[in-house]
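Peer 1: Predicted model and sequence follow; I will ask about them next.
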Amino acid sequence: MPDVQPLVREFVLKLKRRKVEGSHAVARQTAELLRSVVSQHRMGSTNQAAALADAIRGVGEQLIAANPIELAVGNIVRRVLHIIKEEDISSTAVGIEGLSVTAESDDEYDSENDDHPTLSAAVLAAHARNALRAPSLQTLLEDIPVSTALSRSASSAGDSDGKSGDKSSKSRKLKHDVIAAIGDLIDEIDTCYDQISEQAVEHIHQNEVILTLGRSRTVKEFLYAAKEKKRSFRVFVAEGAPRYQGHVLAKELVEKGVQTTVITDSAVFAMISRVNMVIVGAHAIMANGGVIAPVGMNMVALAAQRHAVPFVVVAGSHKLCPLYPHNPEVLLNELKSPSDLLDFGEFSNCMNFSTQDGTPLLNVVNPTFDYVPPKLVSLFITDTGGHSPSYMYRLIAEYYSADDLALILSISPSSSRTKAASPRPSPSPAPEKEEMSLTSFLRRLYSKNLSLHSGRLSSTCFLSLFPNFILPN
Amino acid sequence: MPDVQPLVREFVLKLKRRKVEGSHAVARQTAELLRSVVSQHRMGSTNQAAALADAIRGVGEQLIAANPIELAVGNIVRRVLHIIKEEDISSTAVGIEGLSVTAESDDEYDSENDDHPTLSAAVLAAHARNALRAPSLQTLLEDIPVSTALSRSASSAGDSDGKSGDKSSKSRKLKHDVIAAIGDLIDEIDTCYDQISEQAVEHIHQNEVILTLGRSRTVKEFLYAAKEKKRSFRVFVAEGAPRYQGHVLAKELVEKGVQTTVITDSAVFAMISRVNMVIVGAHAIMANGGVIAPVGMNMVALAAQRHAVPFVVVAGSHKLCPLYPHNPEVLLNELKSPSDLLDFGEFSNCMNFSTQDGTPLLNVVNPTFDYVPPKLVSLFITDTGGHSPSYMYRLIAEYYSADDLVVKRSTTNYS
């Protein structure tokens, strides 16, 4: 697929250089890029869905490796893979449905049931005829027999067009459906602010005191919506060092006429007894309901728990990540330059010049994110509504497929994949490949981060800082 | 002492019939009665302090037995006993002080140090000469040797009047001092509301939301004082079933212009997230800092702890009891009539008339008090200031003697 390679390379470069800021912009551009990839993909005659998914995986792997901390990239890639699977199932099922009489209701159609890995192909075909369930992992690995079985059942049931004609129309339809679904995804990403803000009136009542930290666009729109509905509330904005984005949010809120007070991060515990609700944004929401949020958020969550203040996290569904924090692919944090905290001039005094390498005597740590455990979160407000942390796994089952979680498997073309896959039982290849590529992933990651950040500082001092922190779990 | 017996009997009857309501009134009347007892007590020639204390103990035993749940009675009795001891020590020490040159400062005079029970009499006399400390338990039991030792030392030091003259002036002085001190105690009881209310401004600031339960006069005066100092606050009053005294308090607060909201007891947990402070009164404060409070208070304390809301108890020092809740003398609760909750007509349906004794099938429990453990209390505000629960034992050491905890008349006969 040579047409999209320049686009992909350009986006990968942007991600590596952190030119794209914020999960929203990243998610949107990733979705648009993947839509271009799908539209320019040349559909083969067989296994279109699997081939398409493979192509997406190839691009996705590059994107994720470019900026591993930006989990929205991986989320969108997995959403698209899930879309491909869904559209494939629905188009196949529509074909079968038209051919056999079934009394099943439409509710079964939407249940993505990825947890029957031991279904044989024949049983699967029977199920697909009767219950329209999603195919299992085994089915994807053993593509040809299933589609053959399905097409055999299709032809055996009679009333079908020519096989090749049916396939080409199906392939065009698949691509079309996938592109339409990705378009829906992009719309969903765009409208997430509006959908979340609609719920503001249910949560913010009269005479409330709200606390937030830093500046989240979702929180800002949420508060705007409540203000427009004439709710009277005041906001304490914790400034959110070291970027002090809280100052920007405070100015914006004042322009809308919201009574705002800026406080330092350390003053949060002192003020929390007078606060009715804490509303914050997130960088990403993990599968267990844990939150990766801007640094300082864990402290706010602990203070809120101590004073029994509800801790509400607002986030679009593109931030919902199907991985768990203990998962090796997840980098929970990223360290930024110490220059945010200390000027280089001050820092240079603290170098130990007596030793030859000038090891710094003073270590400066500037993490970007904080991890807030799910037990500290009272409520998640997403574009689908309000949910408790223990419910997040259910949303993941709706949006993602279980077998798309490990995207760093080395991808081979589909023919060799089917050859390699058939003698092995389905669950085992994934973990082995995962372990093998994990070390290579770590090495790649480590070198990428070094090259990324050394440009801004004298590399000698920074390199010595780095090794302590960057290791993922 | 036949003169006071009618008075004592009358008061005992009032206590038994619960005609006297509230710790404040009970404490005041107990103190006045004991002052009469002291003034009408005929002082003997020796061991006046011990005999006087015994007389007080005799009366006190009757009073406490009349209404054991009213701990203020026992508190005042023990305060008076402590006063007698103090005055005795101070008058003796003054006598000794006048006779021997000592470089001790006056600070030592006030330290009631009851924790040296193993001092021998001779050592004690030496101490009393040098450090003016209170006598130990052993000293009180061995009265005659000590006073003899003291008077011997007094006479040996020379410069003293005739023994009997000295004793009678001392005895008159002792009685006088004790009566004066009990008068101070009564004043202290009377002015406890003012002294507590003075501290209101330090605790109630602007735009506060306060929660209280039932009706406590101390809380009422506390809130009045804050209102007069122009603090803006609103009050949630939990009605305090089954007596619903909260309604009365709410009316009184509204008359003073305080924005008040009456809520049911069950609504306390729902409202507590919007409350900045809980201020309540108490029936009694135990030595460990635990509080015996009107029923429903434990629930409020738990809700306050859950939402990290400060739980402040205001109480006069006459409510401070030197006993611990696990002490066998302490009755932590009293059950009142079920008629507060159910009318007798409704209740009679629930009698089991098939059995011969008509045992009720429905049990109704109507306790008067609740016990709030010290870990739920943030602050005690007494007339001496604000204290944490872990500090209450120190106040007890100031007001009471350790050997007065069991008020029982001794069997020894004094002349």
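Peer 2: Thanks, I have it. Fair warning: this is a prediction, and the values are worked out from it, not measured in the lab.
Peer 1: what are the ranges of the helices in the stretch 201-350 of chain A?
Peer 2: A:217-228, A:245-255, A:268-271, A:297-306, A:344-348 (DSSP state H, counting those that start in this stretch).
Peer 1: Go through these and name the closest to chain B.
Peer 2: With Cβ to the nearest Cβ, the closest approach to chain B among those belongs to helix A:297-306: 5.9 Å. The way it works is simple: take the backbone N, C-alpha and C, and place the C-beta from them, glycine included.
Peer 1: on that earlier part again, want to throw the helices of the stretch 201-350 of chain A into CSV with mean neighbour count and mean pLDDT?
Peer 2: Shown next, in CSV, are the helices of the stretch 201-350 of chain A (neighbours: other Cβ atoms under 10 Å in any protein chain shown; pLDDT from 0 to 100):
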stretch, mean neighbour count, mean pLDDT
helix A:217-228, 21, 95
helix A:245-255, 17, 96
helix A:268-271, 16, 95
helix A:297-306, 20, 96
helix A:344-348, 12, 70
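Peer 1: Pipe these into TSV and attach distance to residue A:66 per row.
Peer 2: Listed next are the helices of the stretch 201-350 of chain A as TSV, based on distance: least, Cβ to Cβ, whole Å:
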stretch	distance to residue A:66
helix A:217-228	23
helix A:245-255	24
helix A:268-271	35
helix A:297-306	26
helix A:344-348	28
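Peer 1: can I get those helices in JSON lines with distance to chain B?
Peer 2: What follows is those, written out as JSON lines (distance: least, Cβ to the nearest Cβ, whole Å):
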{"stretch": "helix A:217-228", "distance to chain B": "18"}
{"stretch": "helix A:245-255", "distance to chain B": "21"}
{"stretch": "helix A:268-271", "distance to chain B": "11"}
{"stretch": "helix A:297-306", "distance to chain B": "6"}
{"stretch": "helix A:344-348", "distance to chain B": "39"}
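Peer 1: Out of those helices, flag the one nearest residue B:381.
Peer 2: helix A:268-271 (22.9 Å; Cβ to Cβ).
Peer 1: Where does residue A:33 sit: helix, strand or coil?
Peer 2: When states are read from DSSP: H, G, I helix; E, B strand; the rest coil, the local structure at residue A:33 comes out as helix.
Peer 1: Give me the neighbour count for the nearest residue to it once chain neighbours are set aside.
Peer 2: Leaving aside its sequence neighbours, residue A:33 sits nearest to residue A:11 (Cβ to Cβ, 6 or more residues apart in numbering or on different chains; 5.3 Å). If you count neighbours by other Cβ atoms under 10 Å in any protein chain shown, residue A:11 ends up with 24.
Peer 1: now swap in residue A:371 and tell me
Peer 2: Neighbours around residue A:371, by other Cβ under 10 Å: 15.
Peer 1: residues touching the residue in the stretch 1-150 of chain A that chain B sits nearest to, list them.
Peer 2: Scanning the stretch 1-150 of chain A for the residue nearest chain B gives residue A:23, at 32.1 Å (criterion: Cβ to the nearest Cβ). Contacts here follow Cβ atoms under 8 Å, 6 or more residues apart in numbering or on different chains; on that basis residue A:23 touches A:70, A:71, A:72, A:283, A:284, A:316, A:318, A:319.
Peer 1: mind listing which of the residues you listed are in strands?
Peer 2: Using DSSP state E, the subset of the contacts of residue A:23 located in strands is residue A:284.
Peer 1: does the residue nearest to residue A:33 really touch residue A:28, like I thought?
Peer 2: No - using Cβ atoms under 8 Å, residue A:11 is not in contact with residue A:28, being 11.6 Å away.
Peer 1: mind checking how far the residue nearest to residue A:33 is from residue A:178?
Peer 2: 19 Å (Cβ to Cβ, to the nearest Å).
Peer 1: is it true that residue A:298 touches residue A:371?
Peer 2: Yes - assessed by Cβ under 8 Å, residue A:298 is found in contact with residue A:371 at 6.7 Å.
Peer 1: how about the helices in the stretch 1-150 of chain A?
Peer 2: A:5-16, A:23-39, A:48-66, A:71-97, A:121-130, A:137-141, A:143-156.
Peer 1: between those helices, which gets the lowest average pLDDT?
Peer 2: Least confident of those, judged by mean pLDDT, is helix A:143-156 with a mean of 47.
Peer 1: counting contacts, what elements does the helix or strand following that one pack onto?
Peer 2: The helix or strand immediately downstream of helix A:143-156 is helix A:163-190, counting by DSSP states H and E. Contacts defined by 3 or more Cβ pairs under 8 Å, 6 or more residues apart in numbering or on different chains; DSSP states H and E place helix A:163-190 against helix A:23-39, helix A:48-66, helix A:71-97, helix A:143-156.
Peer 1: how about residue A:174, what does it touch?
Peer 2: Contacts of residue A:174 (Cβ under 8 Å, 6+ apart): A:43, A:48, A:49, A:52, A:87, A:88, A:91.
Peer 1: gap between it and residue A:180?
Peer 2: Taking Cβ to Cβ, one finds residue A:174 at 11 Å from residue A:180.
Peer 1: Could you give the number of residues near whatever residue of the stretch 151-300 of chain A ends up closest to chain B?
Peer 2: Residue nearest to chain B within the stretch 151-300 of chain A: residue A:273 (6.6 Å; Cβ to the nearest Cβ). Neighbour count of residue A:273, defined by other Cβ under 10 Å: 16.
Peer 1: Am I right that it is in contact with residue A:307?
Peer 2: Yes - contact criterion Cβ under 8 Å: residue A:273 and residue A:307 qualify, at 5.5 Å.
Peer 1: re earlier: OK, contacts around the residue nearest to residue A:33?
Peer 2: By Cβ under 8 Å, 6+ apart, the residues touching residue A:11 are A:29, A:30, A:33, A:63, A:66.
Peer 1: between the residues you listed, which has the most around it?
Peer 2: These, ranked by neighbours (other Cβ under 10 Å): first place residue A:30, 29 neighbours.
Peer 1: For the closest residue to chain B within the stretch 351-473 of chain A, which non-adjacent residue is spatially closest?
Peer 2: Nearest to chain B in the stretch 351-473 of chain A, going by Cβ to the nearest Cβ, is residue A:378, at a distance of 12.1 Å. Among residues not flanking residue A:378 along the chain, residue A:310 sits closest, at 4.2 Å (Cβ to Cβ, 6+ apart).
Peer 1: if I pick the one you found, what's in contact with it?
Peer 2: A:276, A:277, A:278, A:304, A:378, A:379.
Peer 1: and the stretch 251-400 of chain A, which residues reach chain B?
Peer 2: Listed as neighbours of chain B in the stretch 251-400 of chain A under the rule Cβ under 8 Å from any Cβ of the partner chain: A:273, A:274, A:276, A:306, A:307, A:308, A:309.
Peer 1: Can you say which of these are buried?
Peer 2: Buried members of these, scored by 16 or more other Cβ atoms under 10 Å in any protein chain shown, are A:273, A:274, A:276, A:307, A:308, A:309.
Peer 1: Tell me which two in those residues are the farthest apart.
Peer 2: A:274 and A:308 (13.2 Å).
Peer 1: domains of chain A?
Peer 2: Listed by the TED database, the domain ranges of chain A are A:1-98+A:171-193, A:204-346+A:363-399.
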